[in-house]
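**Q** structure, please.
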Amino acid sequence: MEGLAMLRQLIGEVQELCELYGSSNYIHHQPRTQLLYHNHHQHSHRWCFLNFEDDSAEDGYCDVITSSGKSGTLKTMEPYEPPPTKKSRKERNRGKLPGTTNSAEVMEQEIWKEFPEDLFEAVIARLPIATFFRFRSVCRKWNSLLDSNSFSQHCAQVPQAHPWFYTITHENVDPGAMYDPSSKKWHHPAIPSLRAKTVLPVASAGGLVCFLDINHRNFFVCNPLTQSFKELPARSVRVWSRVAVGMTLNGNSTTAAGYKILWVGCDGEHEVYDSVKNYWTRPGSMPSHIKLPLSLNFLSQPVSVEGTIYFMRTDPDGIVSYDMVTGAWKQFIIPAPTHLTDHTLAECGGRIMLVGLLTKNAATCVCIWELQKMMLLWKEVDRMPNIWCLEFYGKHVRMTCLGNKGLLMLSLRSRQMNRLVTYNVTSGDWLKVPGCVVPRGGKKRQWIACGTAFHPCLTASA
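**A** Alright, predicted model coming up:
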């Protein structure tokens, strides 16, 4: 009787605990007691007490003690477990220390440790340029990829994306700024070899940019991404007038086989630099059928198509070409569209394009023409959206056009406005360019004085 009284007292205490916590689930989670609530009848509560020292519970059954003192049997129940729920990433990471790793992470490290070297370089070669330069700081091995021949081969297999633009603003901010149209970001290269010089970007090929000093005397070639730099030998001909400059690669799409640079003056003097030979040569005099002096349009950058460089001239209007392989000069008389100003050449997939401002009365619009080679005529193929052109109405607008690789950057300015836009020759898309913020002053300067487009290449060497 005394044992029964003690048992009743224990059951009463458990019931008080249930009432205290408002739910019987609290009992289910006790680690050792395992007092399990069975069910509710009209006037009785049944409880099951598991005695781990008694063999009677091994069969999965235990005694049931009712309030009336009668005993019965009850099948044991497993501790209550709530249904699984999906945890958030924050909850999954809670409790993890920054320096701890689980077995799965260790296994992944072992797998990546044995990742094939050639596949590793193939993946790195396809990363965005900005991402690659962040990865270079990880270790010496990654930093040395630029000197790897196999990595250069992988880079050569990657299709060329949109070109970048190397620009000089109207205030000659040293050393200029580069615009990446894929990320729509400006970058400010630090080229120590050019810091003390006043130079202008005049041509590009294979990821290299050709610079000419402001006095039109000395040439420099540089990879703006890797700062590979070279000052070219002095020219054999001293030309003090302005010159037009073109640049091509020797035979393929990389600089491994070298490159050539051509300059030509208004009087017909010209020279060709070969990076393999590292000196300037005079291929000969200009043919007599080409009218001299050449009224070259220095605002129009030359374009290159399969080793041939095209210059724009006036009086008469047309194009002069030079084949860098054969050394042959040609001249094409092509009438310019009427009311045309600030025009320049462009190129896309072998097609020669003309970009310029078409001004009539007080209206101004940017137009795109394509050269019809059979008829030697310019055919209009596109123009800037009218809603953008309305902003130019009644204003004296000037334009600088950069780029001859299928993507053009246009700098449009007047006393009341400055605008930067890009035009994709293939898709016909017009996009506004974010302002260029100068690092030191923090001021946006959108008036581009000159520049050139270049395809960024990590392995191009000057």
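**Q** got the residue ranges for the helices in the stretch 51-200 of the chain?
**A** Assigned by DSSP state H, counting those that start in this stretch, the helices in the stretch 51-200 of the chain fall at 89-93, 103-113, 117-125, 129-135, 140-143, 149-157.
**Q** correction: the stretch 251-400 of the chain
**A** Remark: helices assigned in the stretch 251-400 of the chain by DSSP H, counting those that start in this stretch are 386-389.
**Q** how about the strands in it?
**A** Counting by DSSP state E, counting those that start in this stretch, the stretch 251-400 of the chain has these strands, from start to end: 259-265, 270-274, 279-281, 295-296, 303-305, 308-314, 318-323, 329-333, 340-348, 351-360, 363-372, 377-383, 398-402.
**Q** most tightly surrounded among the ones you listed?
**A** For the strands of the stretch 251-400 of the chain, the largest average neighbour count (mean count of other Cβ atoms under 10 Å) is found in strand 259-265, namely a mean of 23. Any C-beta I mention is one placed from the backbone N, CA and C, and that applies to glycine too.
**Q** name the residues that touch that strand?
**A** Taking contacts as Cβ atoms under 8 Å, 6 or more residues apart in numbering, the residues outside strand 259-265 that touch it are 203, 205-206, 208, 210, 219, 221, 232, 235, 239, 241-250, 270-275, 294, 296, 309, 311, 322, 324.
**Q** quick one: strands adjacent to that strand?
**A** Sheet partners assigned to strand 259-265 using DSSP bridges are listed as strand 243-249 (antiparallel), strand 270-274 (antiparallel).
**Q** alpha carbons of that strand, in CSV - could you do that?
**A** Extracted in CSV, the C-alpha atoms of strand 259-265 (Å, rounded to 0.1, in the frame of the first residue of the first chain):
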residue,chain,number,x,y,z
TYR,A,259,52.4,42.8,-85.5
LYS,A,260,52.9,45.7,-87.9
ILE,A,261,52.3,49.4,-87.6
LEU,A,262,51.8,51.8,-90.5
TRP,A,263,52.0,55.6,-90.3
VAL,A,264,51.2,57.8,-93.3
GLY,A,265,51.5,61.6,-93.6
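**Q** and the angle for it with strand 308-314?
**A** With axes from the mean of the first three to the mean of the last three Cα atoms, to 10 degrees as the basis, strand 259-265 and strand 308-314 are set at 20 degrees to each other.
**Q** so what's residue 332 up against?
**A** Contacts here follow Cβ under 8 Å, 6+ apart; on that basis residue 332 touches 318, 319, 320, 321, 376.
**Q** same list (the residues you listed) but as a markdown table, adding distance to residue 461.
**A** Below are the contacts of residue 332 laid out as a markdown table (distance: Cβ to Cβ, whole Å):
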| residue | distance to residue 461 |
| --- | --- |
| 318 | 37 |
| 319 | 32 |
| 320 | 31 |
| 321 | 28 |
| 376 | 40 |
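**Q** and of those, the nearest to residue 411?
**A** Sorting those by how near they are to residue 411, with Cβ to Cβ, puts residue 319 at the top with 23.5 Å.
**Q** whichever of the contacts of strand 259-265 end up buried, select them in ChimeraX.
**A** Here the buried members of the contacts of strand 259-265 are turned into a ChimeraX selection, burial being counted by 16 or more other Cβ atoms under 10 Å:
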select :203,205,206,208,210,219,221,232,235,239,243,244,245,246,247,248,249,250,270,271,272,273,275,294,296,309,311,322,324
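**Q** ok, back up a step: dump the contacts of residue 332 to JSON lines, plus pLDDT and distance to residue 398.
**A** Written out in JSON lines, the entries for those read as follows (pLDDT from 0 to 100; distance: Cβ to Cβ, whole Å):
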{"residue": "318", "pLDDT": "92", "distance to residue 398": "24"}
{"residue": "319", "pLDDT": "94", "distance to residue 398": "23"}
{"residue": "320", "pLDDT": "94", "distance to residue 398": "25"}
{"residue": "321", "pLDDT": "94", "distance to residue 398": "28"}
{"residue": "376", "pLDDT": "93", "distance to residue 398": "28"}
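**Q** nearest to residue 457, of these?
**A** The shortest separation between residue 457 and any of the contacts of residue 332 is 25.8 Å, and it belongs to residue 321 (by Cβ to Cβ).
**Q** could you give the bridge partners of the closest one?
**A** When bridges are taken as DSSP bridges, the partners of residue 321 come out as residue 310, residue 330.
**Q** ok, now which ones touch it?
**A** Residues near residue 321 by Cβ under 8 Å, 6+ apart: 308, 309, 310, 311, 329, 330, 331, 332.
**Q** try 6 Å
**A** When contacts are counted by Cβ atoms under 6 Å, 6 or more residues apart in numbering, residue 321 touches 308, 310, 330.
**Q** what of residue 204?
**A** By Cβ under 6 Å, 6+ apart, the residues touching residue 204 are 452, 454.
**Q** state the distance from residue 208 to residue 366.
**A** For residue 208, the distance to residue 366 (Cβ to Cβ, to the nearest Å) stands at 29 Å.
**Q** okay, now the unreliable bits of the stretch 201-350 of the chain?
**A** Counting by pLDDT under 70, the low-confidence segments of the stretch 201-350 of the chain come to 239-240, 252-255.
**Q** strands along the stretch 51-200 of the chain, start to end?
**A** Listed from the start of the chain, the stretch 51-200 of the chain has strands (DSSP E, counting those that start in this stretch) covering 61-65, 71-75, 164-169, 177-180, 185-187, 199-205.
**Q** give the other helices and strands that the fifth one contacts.
**A** Okay, so that is strand 185-187. For strand 185-187, the packing partners by 3 or more Cβ pairs under 6 Å, 6 or more residues apart in numbering; DSSP states H and E come out as strand 177-180.
**Q** which stretch among the strands of the stretch 251-400 of the chain comes nearest residue 131?
**A** Between residue 131 and the strands of the stretch 251-400 of the chain, the shortest separation by Cβ to Cβ is 25.0 Å, and it involves strand 398-402.
**Q** partners of the helix or strand following the closest one, with directions?
**A** Elements were assigned by DSSP states H and E; along the chain past strand 398-402, the next helix or strand is strand 407-413. When sheet partners are counted by DSSP bridges, strand 407-413 sits next to strand 398-402 (antiparallel), strand 418-424 (antiparallel).
**Q** and of the ones you listed, who's closest to residue 450?
**A** Taking Cβ to Cβ as the criterion, strand 398-402 is the member of the strands paired with strand 407-413 that comes nearest to residue 450, at 6.9 Å.
**Q** check contacts around the residue lying closest to residue 354 once chain neighbours are set aside.
**A** With Cβ to Cβ, 6 or more residues apart in numbering as the measure, residue 369 is the residue that lies nearest to residue 354, at 4.2 Å, once sequence neighbours are left out. Under the criterion of Cβ under 6 Å, 6+ apart, the neighbours of residue 369 are 354, 378, 380.
**Q** okay, and the beta partners of residue 369?
**A** Listed beta-bridge partners, residue 369: residue 354, residue 380 (assigned using DSSP bridges).
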